[in-house]
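Asks: turn this into a structure:
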Amino acid sequence: MPTRTMKTPKWTTTMMTGNSEALAGWRSGPLAGLVVCALLVIYTLSTALVPIRADNDCWWHVKTGWYIANNGIPSHDVFNFNAAGMEWHNHEWLAQLVMYFAWSAGDASGFGGWRGLVLFMGLIIAATTLLVAWLARRISGCWWIALLVAVLCVAVGRRMFYPRPPVFTNFMLILQLILLVGLAEGWFRDKMAFLLVPFIALWTNVHGGWMAAGVILAAWSTDQFYHHFRDRLPALPTQAPRLLPMKMLMVLLPLCLLATFFNPYLWHLYSLPGRVLGDLDLVRSIGELHSPDFYFVIDFEVAVHAGFLMALFLPRFRPRLWEVLVYLFFLHQAMQHVRHLSLFSIMMVPLYARLLAAAVDGMGDSLAAWRKSDQWRRAPVFAVGILAVYTMQWVLVNPRESGGLIGNSPRALYERTYPGRNLQFFSGIGYVRENYPADVVNLIELSDLHGNMFNENNYAGYLIWRLSPEQHRVFSDSRFDIFGGDIQRIERQISQGAISMDSQGRLVPRWSNLLDEHEVQWLITRGGSGLSRRLHDLEPAAGGDAPWILGAAWDVYPDAPREWWGWQIWVRNTPENRAMVSRLRSNAPLAGAWAP
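Replies: Residues are numbered from 1 along each chain as shown. Modelled structure (predicted):
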């Protein structure tokens, strides 16, 4: 049985090697490459170097890195008192350690810990984009096609440009993609396939995205096996890859599977996705697991439509089977979960580079024949470059969030466009302090609170960064791969001020009973929440015997309804806690708070 491909049609070989007349010369030269790379670095860093605005997870990721650096990898949870004793199979411990070192370097240099982390992660994102451009250039033979593909990649994936471990997964995805495309195209020697084994072993300690590597490798292997046995199978309108020897494949794939167990938790990592995705209620409550809002991700919609239209109008185009399989799989994932947009943005690269190369080649031939001049072969490439530059400025202005440049306030442009956010970052802002309970934590530290606390998930990451585990362990947080959705459901009932019915048909305060069951002594809430309304309603009804006492509140204005108040700290009304209330109220002015 042959181990190499059959001859492919002349037009496909020309398109894939980049030797066609429409894509030759200055369009593939070093000067074009330098210009494209410079544009991509500026463009990508602009989308990445922005202050942390609302991310809840980066805080506990860095704190986990701090804990590992000082205490080793924890076997059980250390931040959440409700999860005490639960095993913690931390699939991203190595990324968290690297993130902590990046934060520490920024902090020690005076640049700022969080700015240092954002800069470090931004450089990884920029490196990922440059690798995307290199791969697209190698496939298409044209730097300007590579520019458009990379610009689309950033436009689609930027929604997840947070300083979190998935940034490492995107970087490793493009490395794996380069290796597999290179093996299929003959760029690399067959033996380089065995680099996948240590690569996957490393990945299993960096982030749970290593499972995407398994999907990609399965699709690539399917293509290999199909063409090894193509004489016995139905014919498909796809190009044949360069085939690895069958014996090598039969050794490589089991080794890659064994590599997934090269982590402190062995097979347990395979169970983590089920704890989250298997809980429908939890999936519905996590915004990143919802389907994308196409008003804000119109760049994703345009990219998908453009891909299908190009395939429709290029009847002679023959893709690689495995590239189509991974494209469809990750397209499905991106349409299901907004957090997977970044994965799709990487996986669309090979297919889109081939489609654009075929389109430019075809249009160049048609224009040259129509105008009877080879100079017209350049026109489609100019159009591609102009489209790429236009898309770059559209993304950076961010009109669906900023409202556009015309008729908008300077404040909106400063806060919502990427250049405006870049100015904030370079002026010294690592994170938007107003979006986090910084003053609340300052008052907690000043007032020496004790006992179990209650908090909501939305700001738990910041509380872990400031308080856990040294001073207080949080009630609930967003590490759902540890405890699934059980704790989150309890937190939600309390924060909403839930009422339930007992066995005799009487309404009972479910929220209060849950606080009692978990022996909560003090809590943090915000005005307008169901919990805040319940607590305020109890004050006039119970008089001096109210079960909870307001210790301090922020954003309190004369004659403003309490629903408009900001952060609030309440303390259980017991003789043992009276001293806590007194300390909170006396220290409140020091933290910019109001005390009754």
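
Asks: end-to-end on stretch 469-481?
Replies: 19 Å (CA to CA, to the nearest Å).

Asks: now that stretch: how far from the chain's centre is it?
Replies: 21 Å (CA atoms, centre = their mean, to the nearest Å).

Asks: and that stretch, what's buried?
Replies: 469, 472-481 (16 or more other CB atoms under 10 Å). Yep, even glycine has a C-beta here, placed from its N, CA and C like the rest.

Asks: show me which pair in these is furthest apart.
Replies: His472 and Asp481 (22.5 Å; CB to CB).

Asks: by contact count, what packs against the longest helix belonging to the chain?
Replies: Across the chain, the longest stretch assigned as helix under DSSP state H is helix 113-140. Applying 3 or more CB pairs under 8 Å, 6 or more residues apart in numbering; DSSP states H and E, we find helix 113-140 packed against helix 30-48, helix 93-109, helix 143-157, helix 166-185, helix 349-371.

Asks: buried stuff in the helix or strand where Ala212 lies?
Replies: Using DSSP states H and E, the element containing Ala212 is helix 210-228. For helix 210-228, the neighbour count (16+ other CB under 10 Å) marks 210-213, 215-217, 219-221, 223-224, 226-228 as buried.

Asks: confirm for me that Leu535 is in contact with Leu550.
Replies: Yes. The criterion here is CB atoms under 8 Å, and Leu535 meets it with Leu550 at 7.4 Å.

Asks: measure the spatially most central residue of the chain to Phe199 for me?
Replies: Per CA atoms, centre = their mean, the C-alpha nearest to the average position across the chain is that of Met160, at 3.4 Å. With distances taken as CB to CB, to the nearest Å, Met160 is found 22 Å from Phe199.

Asks: does Trp564 touch Ala553 like I think?
Replies: No. Trp564 is beyond contact range of Ala553, at 10.8 Å (criterion: CB under 8 Å).

Asks: overlap in contacts of the two?
Replies: Shared contacts of Trp564 and Ala553, defined by CB atoms under 8 Å, 6 or more residues apart in numbering, comprise Gly527.

Asks: compare these two (neighbour count), which wins?
Replies: Ala553 (23 against 11; other CB atoms under 10 Å).

Asks: beta partners for that one?
Replies: Beta bridges link Ala553 to Gln568, Trp594, judged by DSSP bridges.

Asks: per-residue confidence for it?
Replies: At Ala553, the pLDDT value in this model is 94.

Asks: dump the residue contacts of it.
Replies: Here Ala553 is in contact with 527, 565-569, 593-595 (CB under 8 Å, 6+ apart).

Asks: would you report the backbone torsion angles of the residue nearest to the centre of the chain?
Replies: Reported as degrees, to the nearest 10, the phi and psi values for Met160 are phi -120, psi 30.

Asks: following the helix or strand containing Met250, which helix or strand shows up next?
Replies: Assigned by DSSP H and E, Met250 falls within helix 246-259. Counting by DSSP H and E, the element after helix 246-259 in chain order, helix or strand, is helix 272-277.

Asks: CA atoms only: put that next one into PDB for me.
Replies: Extracted C-alpha coordinates of helix 272-277, given in PDB (Å, rounded to 0.1, in the frame of the first residue of the first chain):
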ATOM      1  CA  LEU A 272     -13.700  17.800  34.500                       C
ATOM      2  CA  PRO A 273     -15.800  19.000  31.500                       C
ATOM      3  CA  GLY A 274     -18.700  16.800  32.600                       C
ATOM      4  CA  ARG A 275     -18.900  18.700  36.000                       C
ATOM      5  CA  VAL A 276     -19.700  21.900  34.100                       C
ATOM      6  CA  LEU A 277     -21.200  21.000  30.800                       C
END
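
Asks: can you give the domain ranges for the protein?
Replies: 10-390, 436-591 (automatic domain parsing).

Asks: my guess is Trp210 contacts Thr204. True?
Replies: Yes. If you go by CB under 8 Å, Trp210 and Thr204 touch, sitting 4.8 Å apart.

Asks: list residues touching both of the two?
Replies: 91, 260.

Asks: I'd like to know how far the residue at the greatest distance from the centre of the chain sits from Ser366.
Replies: What lies farthest from the middle of the chain is Lys372; by CA atoms, centre = their mean that is 49.4 Å. Lys372 sits 12 Å away from Ser366, going by CB to CB.

Asks: equivalent analysis for Asp448, please.
Replies: Asp448 is 77 Å from Ser366, by CB to CB.

Asks: point out where the stretch 451-596 of the chain drops to low pLDDT.
Replies: 540-544 (pLDDT under 70).

Asks: which residues in it form strands?
Replies: Per DSSP state E, counting those that start in this stretch, the stretch 451-596 of the chain carries strands over the ranges 452-454, 500-501, 507-508, 520-526, 548-553, 567-572.

Asks: list the contacts of the first one.
Replies: Strand 452-454 is touched from outside by 81, 472-475, 491, 494, 515, 518-525, with contacts defined as CB under 8 Å, 6+ apart.

Asks: just the buried residues of stretch 171-185, please?
Replies: 171-185.

Asks: show me how far that stretch is from its chain's centre.
Replies: That offset, for stretch 171-185, works out to 21 Å (CA atoms, centre = their mean).

Asks: report the rounded mean pLDDT for that stretch.
Replies: 97.

Asks: please save the CA atoms from that stretch in PDB.
Replies: C-alpha atoms of stretch 171-185 as PDB (Å, rounded to 0.1, in the frame of the first residue of the first chain):
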ATOM      1  CA  PHE A 171      -0.800  29.600  21.500                       C
ATOM      2  CA  MET A 172      -0.400  25.900  21.700                       C
ATOM      3  CA  LEU A 173      -3.200  25.300  19.300                       C
ATOM      4  CA  ILE A 174      -1.500  27.200  16.500                       C
ATOM      5  CA  LEU A 175       1.800  25.400  17.200                       C
ATOM      6  CA  GLN A 176       0.000  22.000  16.900                       C
ATOM      7  CA  LEU A 177      -1.800  23.300  13.800                       C
ATOM      8  CA  ILE A 178       1.500  24.300  12.200                       C
ATOM      9  CA  LEU A 179       3.000  20.900  13.000                       C
ATOM     10  CA  LEU A 180       0.100  18.900  11.600                       C
ATOM     11  CA  VAL A 181      -0.300  21.100   8.500                       C
ATOM     12  CA  GLY A 182       3.400  20.800   7.900                       C
ATOM     13  CA  LEU A 183       3.400  17.000   8.200                       C
ATOM     14  CA  ALA A 184       0.400  16.800   5.800                       C
ATOM     15  CA  GLU A 185       2.100  19.200   3.300                       C
END
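
Asks: now the helices for the stretch 401-550 of the chain?
Replies: 410-416, 418-426, 438-447, 460-467, 480-483, 486-495, 510-517, 530-542 (DSSP state H, counting those that start in this stretch).

Asks: what's the helix holding Met250 packed up against?
Replies: So helix 246-259, by 3+ CB pairs under 8 Å, 6+ apart, packs with helix 196-203, helix 210-228.

Asks: dump these to JSON lines, plus mean pLDDT and distance to Arg506.
Replies: Below are the helices and strands packed on helix 246-259 laid out as JSON lines (pLDDT from 0 to 100; distance: least, CB to CB, whole Å):
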{"stretch": "helix 196-203", "mean pLDDT": "97", "distance to Arg506": "55"}
{"stretch": "helix 210-228", "mean pLDDT": "96", "distance to Arg506": "48"}
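
Asks: would TSV of those helices with distance to Phe344 be doable?
Replies: Formatted as TSV, these follow (distance: least, CB to CB, whole Å):
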stretch	distance to Phe344
helix 196-203	19
helix 210-228	10
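
Asks: surely Leu396 and Arg421 touch.
Replies: No. Applying CB under 8 Å as the test, Leu396 and Arg421 come out as separate, 10.0 Å apart.

Asks: which positions within stretch 483-493 qualify as buried?
Replies: 483-485, 487-488, 490-493.

Asks: so what's Phe199 up against?
Replies: Phe199 neighbours (CB under 8 Å, 6+ apart): 172, 175-176, 179, 213.

Asks: what of Phe330?
Replies: Contacts of Phe330 (CB under 8 Å, 6+ apart): 212, 340, 343-344, 347-348.
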